[in-house]
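Asks: Kindly generate the corresponding structure for this input.
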Amino acid sequence: MKINLRSKLGIKLELELINSLGQKIGQSYISQLIDMSDDQTIKIAAPIHESRLMLITPGTRIRAIFLDEKHGLLSFQGAITHRERTESIISLHVKIDGEFEKIQRRNYFRLDTLLNVTYCLYNGEAIDDKSAPPEPSPVKKGITRNISGNGASIVIEEEVVKGSSIDLTIWLTRETSIKVIAKVIRCTLLENTRDKKYELGLYFMKISQKDQDVLVKHIFDQQRLLLKNSIAEK
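Replies: Residues are numbered from 1 along each chain as shown. Below you'll find the predicted structure:
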């Protein structure tokens, strides 16, 4: 697949470090396409993690993922050739050495963020993505630690059995919320807290297309703001 990246300067990139077999190493980072030297050489912003710029070593192989309006989610591979500092911006030069590939994925970036949530447990029961849920328990409160397009990590004050289903409302802003039905994939007791608190790892089983689009846009907007602020501080 041929893609004209020159028309996409400024787009957000999800950056993965990969080994020689193309396997992901560690976590994903957020970056941005800054410029192009030629069709195979691009310049991207140094990625960030927890508000800090990550100065990746030249020679490191990467996979870049971005959203194309026509083709959807695309990726390409390459290698970092060198770093460059221009005024307050640190950039990485990347030599593209792979084809553009279409990928099917809806989780996008995982954003570390504190958001208010309300939830109901379905009486400790698990439901599949086709069945009608049973009656939920009373509404309780929690807070997110991170969120993506298909899952979240939340902190609550009760232990929940792995495999349980949960009806979740997530407040992205004071005025905007989304609703999902999620499956509990892990429940961990948090240490060093005054009261007993548990972290739940959740996978979204049911989320409307509208709510998922709102969620993904929110994540992208926050990542863009984080990138902008990080670069401005340098």
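
Asks: I'd like to check what contacts the helix or strand where residue 92 lies. Which residues are they?
Replies: Using DSSP states H and E, residue 92 falls within strand 89-96. Identification of contacts with strand 89-96 by C-beta atoms under 8 Å, 6 or more residues apart in numbering yields 31, 34-35, 37, 39-46, 53, 55-56, 62, 64, 76-85, 231, 234. For every residue, glycine as well, the C-beta is placed using N, CA and C.

Asks: Pull out the buried members of those.
Replies: Buried members of the contacts of strand 89-96, scored by 16 or more other C-beta atoms under 10 Å, are 31, 34, 42-46, 53, 56, 62, 64, 76-80, 231.

Asks: Show me what the following helix or strand past the strand holding residue 92 packs onto, helices and strands only.
Replies: Heading C-terminal from strand 89-96, the first helix or strand you meet, by DSSP H and E, is strand 101-102. When contacts are defined as 3 or more C-beta pairs under 8 Å, 6 or more residues apart in numbering; DSSP states H and E, strand 101-102 sits against strand 72-86.

Asks: Just checking: what are the partner strands of the strand it packs on?
Replies: Paired neighbours of strand 72-86 in the sheet (DSSP bridges): strand 61-68 (antiparallel), strand 89-96 (antiparallel), strand 101-102 (antiparallel).

Asks: Lowest average pLDDT across the ones you listed?
Replies: Here those differ in mean pLDDT, and the lowest is strand 101-102 at a mean of 82.

Asks: Quick one: residues in contact with that one.
Replies: Applying C-beta under 8 Å, 6+ apart, the external contacts of strand 101-102 come out as 1, 71-76.

Asks: Under the pLDDT cut-off, which ranges of the chain? List them.
Replies: 49-51, 69, 72, 104-109, 123-136, 224, 226-234 (pLDDT under 70).

Asks: can you give me the helices for it?
Replies: Using DSSP state H, the helices of the chain run over residues 209-232.

Asks: about what we covered before: format the contacts of strand 101-102 as JSON lines; extra columns: distance to residue 103.
Replies: Formatted as JSON lines, the contacts of strand 101-102 follow (distance: C-beta to C-beta, whole Å):
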{"residue": "1", "distance to residue 103": "11"}
{"residue": "71", "distance to residue 103": "10"}
{"residue": "72", "distance to residue 103": "8"}
{"residue": "73", "distance to residue 103": "5"}
{"residue": "74", "distance to residue 103": "7"}
{"residue": "75", "distance to residue 103": "5"}
{"residue": "76", "distance to residue 103": "11"}
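
Asks: Between which two of the residues you listed is the distance greatest?
Replies: Farthest apart among the contacts of strand 101-102 by C-beta to C-beta are 72 and 76. That separation is 14.1 Å.

Asks: Check the spacing between residue 151 and residue 166 real quick.
Replies: Separation of residue 151 from residue 166 (C-beta to C-beta, to the nearest Å): 12 Å.

Asks: Thank you kindly, that will do.
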